[in-house]
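Engineer: Starting from these lines, generate the structure:
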Amino acid sequence: MPPVLDCFKDNSGGEFHDGLLEIGVCDGIYVNTKGEKVIDKGFNRGWDFSEGLAVAMPEYGGKWGYIDKTGEFAISPRFASSGSSMTDYVWPFENGFAKIEVAGRFGYIDHTGGFVIQPRFLDGDAFHDGMARVVVDGPCTYIQPLGIDPPEDSHVVPWDAVRKGPLPLCKYTFTDVSGTLISGARYDYALQFGEGLAPVKVGKLWGFIDRKGTMVIAPRFENARSFSDGLALVSEKGLFGYIDRSGAYVIRPSFKHAESFADGRAVVGDIQSGYWYIDHAGNQVIPGKFAIASPFFKGVAHVKLLSKTRATESIYNGKYAYIDRSGRRIFTYKR
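Structural biologist: Residues are numbered from 1 along each chain as shown. Purely as a prediction, here's the structure:
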């Protein structure tokens, strides 16, 4: 009989990271893929593993540190938690670095726990392609544009800014791992680097810069996403298509909805006619359409199958499947 933990019965589900699953309602208990408990140190909080380390807090009201896969602190608890004020916080490791907020300023640590960039930015994101998007100038109002994931968010940076009226919207730039800014340019918005280029918003239009800050694809798109699989998703006149690194269309804008390429496939379509998968030439590459379709990840995608009652059926009910890149159903289930 497989191992069973009492708190599994209340677990809301999660994913394995680095071969371990943190049981959320158990707070800091980790099991392996056999369901065996491998870490139970009595932590007050424990997060998912990333790059071999997981954020953990040993006792209530304590400080954050990072544990290794044995449950020992590889980075001792040294980072404050300021509770609801959110002026001190930590993030998981991503691409070699973890973002740390100290008294409302953002910096980055490496796997030793030492700051490679001291906390000095008003806001910051994770590193991608050796660059991280940051806010340097303030005070200002951070607003996540509509249509960008995660959903719209608004807050003032720095948190202790003195306001005598409305603050200007934040402008964005990038830093490298040494803390050197990419250039003196500031953008109305920016997304992470992908394959050496980053989408940036100038006024109402999006273009792309390289790692030197040179605008290599002039702003002319209504929306844009980072490059992946050699192509970038962009939109014009309300329709989505895909460009190459020169800015030329490889697939002309013709889709009401589209996702970035992953594993040589991209989801396109709309809720009325359904969703399907295309290849880099824009051809439908998996037969049929789906009520819901996710991008591929490590060769697998999650889909909801079309049904005769789809018009009245909730997205949370029906028949679902996991498929491979050919469209073969790995397994199906109902809920």
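Engineer: Quick check, residue 32 in contact with residue 23.
Structural biologist: No. Residue 32 is beyond contact range of residue 23, at 11.8 Å (criterion: CB atoms under 8 Å). Just so you know, the C-beta spots here come from the backbone N, C-alpha and C atoms, and that holds for glycine as well.
Engineer: Just confirm residue 188 contacts residue 205, I think it does.
Structural biologist: No. With contact defined as CB under 8 Å, residue 188 does not count as touching residue 205 (9.5 Å).
Engineer: Now for the spatially closest residue to residue 273 that is not a sequence neighbour, how many residues are close by?
Structural biologist: The shortest distance from residue 273 to any non-neighbouring residue, by CB to CB, 6 or more residues apart in numbering, is to residue 289 (7.1 Å). Neighbour count of residue 289, defined by other CB atoms under 10 Å: 16.
Engineer: Model confidence score at residue 289, please.
Structural biologist: On pLDDT, residue 289 comes in at 95.
Engineer: now it: how far from residue 304?
Structural biologist: The spacing between residue 289 and residue 304, counted by CB to CB, to the nearest Å, is 11 Å.
Engineer: give me the low-pLDDT residue ranges for the stretch 151-300 of the chain?
Structural biologist: 151-153 (pLDDT under 70).
Engineer: Let's see that with 90 instead.
Structural biologist: Applying pLDDT under 90 to the stretch 151-300 of the chain flags residues 151-166, 271-273, 298.
Engineer: Residue 32 and residue 23: who's more crowded?
Structural biologist: The residue with more neighbours, out of residue 32 and residue 23, is residue 23; 20 against 15, by other CB under 10 Å.
Engineer: Just grab the bridge partners of the spatially closest residue to that one that is not a sequence neighbour for me.
Structural biologist: Closest residue to residue 23 apart from its sequence neighbours, by CB to CB, 6+ apart: residue 29 at 5.0 Å. For residue 29, the beta-bridge partners under DSSP bridges are residue 40.
Engineer: What's the local residue count around the closest residue to residue 316 other than its chain neighbours?
Structural biologist: Leaving aside its chain neighbours, residue 316 sits nearest to residue 335 (7.2 Å; criterion: CB to CB, 6+ apart). Residue 335 has 9 neighbours, counted by other CB under 10 Å.
Engineer: How about residues contacting stretch 123-133?
Structural biologist: 91, 94-97, 99, 106-108, 134-135, 142, 157, 170, 172-177, 182, 190-196, 198, 211, 226 (CB atoms under 8 Å, 6 or more residues apart in numbering).
Engineer: so of those residues, which ones are in strands?
Structural biologist: 91, 94, 97, 99, 106-108, 134-135, 142, 157, 173-176, 190, 198 (DSSP state E).
Engineer: Can I have the buried ones of the residues you listed as a ChimeraX selection?
Structural biologist: Buried residues among the ones in strands among the contacts of stretch 123-133 (16 or more other CB atoms under 10 Å), as a ChimeraX selection:
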select :91,97,99,106,107,108,134,135,142,157,173,174,175,190,198
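Engineer: so how far is residue 217 from residue 249?
Structural biologist: Residue 249 is 12 Å from residue 217, by CB to CB.
Engineer: Give me the common contacts of these two.
Structural biologist: Common neighbours of residue 249 and residue 217 (CB under 8 Å, 6+ apart) are residue 243.
Engineer: Report the beta-bridge partner residues of residue 239.
Structural biologist: Beta-bridge partners of residue 239, as defined by DSSP bridges: residue 236.
Engineer: how far away is it from residue 306?
Structural biologist: 23 Å.
Engineer: ditto for residue 275
Structural biologist: In terms of CB to CB, residue 275 sits 10 Å off from residue 306.
Engineer: of these two, who's got more company?
Structural biologist: Taking other CB under 10 Å, residue 275 and residue 306 do not tie; residue 275 has more neighbours (22 against 17).
Engineer: Provide a list of residues in contact with residue 20.
Structural biologist: Neighbours of residue 20 in contact, by CB under 8 Å, 6+ apart: 30, 31, 32, 38, 39, 49, 54, 69.
Engineer: okay, now the fourth one: neighbour count?
Structural biologist: Read that as residue 38. There are 15 residues near residue 38, going by other CB under 10 Å.
Engineer: from memory it sits against residue 31, does it?
Structural biologist: Yes. Contact criterion CB under 8 Å: residue 38 and residue 31 qualify, at 6.5 Å.
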